[in-house]
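Engineer: Generate a structure from the sequence data that follows.
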Amino acid sequence: MPQSGFYAKVRRGLPALIDQWRRLGQGDADRLALLLAETARVAKLGDPDATPDGETLAAWSEPGTGDEVPLWAARTATFLLVQMPARSVPASDDEACAWAYCWLRNRDFDDVAAAEHALPEHLREPLTEALKAAWTDRQGLRLV
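Structural biologist: Numbers count the residues shown, from 1 in each chain. Predicted coordinates:
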């Protein structure tokens with residue numbers, strides 16, 4: 001039986017998040033992998049050890065590979081998806097949890113209302129519940 005905790009949902013949703021960005025991105029797989037890594041470095045969303053290739057990017061998009069997806073890649077995919085004119089939204093609860101987790105990791109917010117207000121309008125409703133869960137998870141980690 002799969003785990004149902006918030007972070008388990010995030011990990012299960014990461015491949016779908018990466019896949020959505022990969023499908024909406026323009027260019028071949030190697031170019032998209034390079035763009036993801038370079039954006040992570042420039043936007044300070046993570047520091048990839050190496051630039052992945054298109055094959056690796058495709059592997060990260062496969063269901064069940066959430067534990068293999070580096071958080072810098074998911075954070076960067078979220079950063080890029082939010083800015084795309086395609087106005088994409090998560091397709092499942094697990095993917096919504098991944099989006100919300102990355103949204104909170106990418107920026108600093110004083111409270112969950114500020115985090116929700118900062119979302120693009122088309123993401124507010126799809127991420128409302130996941131964002132609350134992500135905020136609760138984040139606040140719980142601060143107690144450790």
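Engineer: use CA for all of it now, contacts and neighbours both
Structural biologist: OK.
Engineer: Low-confidence stretches in this protein?
Structural biologist: 1-4, 141-144 (pLDDT under 70).
Engineer: quick one, strands of it?
Structural biologist: Here the chain has no strands by DSSP state E.
Engineer: Show residues contacting the lengthiest helix in it.
Structural biologist: Identified as the longest helix of the chain according to DSSP state H is helix 121-142. Residues outside helix 121-142 that contact it (C-alpha atoms under 8 Å, 6 or more residues apart in numbering) are 6-7, 87, 89-90, 93, 96-97, 99-101, 104, 112, 115-117.
Engineer: And those, which of them are buried?
Structural biologist: Among the contacts of helix 121-142, those classed as buried by 16 or more other C-alpha atoms under 10 Å are 6-7, 89-90, 93, 96-97, 99-101, 104, 112, 115-116.
Engineer: still on that earlier bit, now the longest helix of the chain: buried residues?
Structural biologist: 123-124, 126-128, 130-135.
Engineer: With distance to R12 as new columns, can those residues be given to me in a markdown table?
Structural biologist: A markdown table is the format used below for the buried residues of helix 121-142 (distance: C-alpha to C-alpha, whole Å):
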| residue | distance to R12 |
| --- | --- |
| L123 | 20 |
| R124 | 21 |
| P126 | 17 |
| L127 | 16 |
| T128 | 19 |
| A130 | 14 |
| L131 | 16 |
| K132 | 18 |
| A133 | 15 |
| A134 | 14 |
| W135 | 18 |
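Engineer: Kindly indicate which of those residues lies nearest G25.
Structural biologist: The closest of the buried residues of helix 121-142 to G25 turns out to be L123 (C-alpha to C-alpha; 18.7 Å).
Engineer: The spatially closest residue to T39 that is not a sequence neighbour - how many residues pack around it?
Structural biologist: Closest residue to T39 apart from its sequence neighbours, by C-alpha to C-alpha, 6 or more residues apart in numbering: T76 at 6.8 Å. Neighbour count of T76, defined by other C-alpha atoms under 10 Å: 27.
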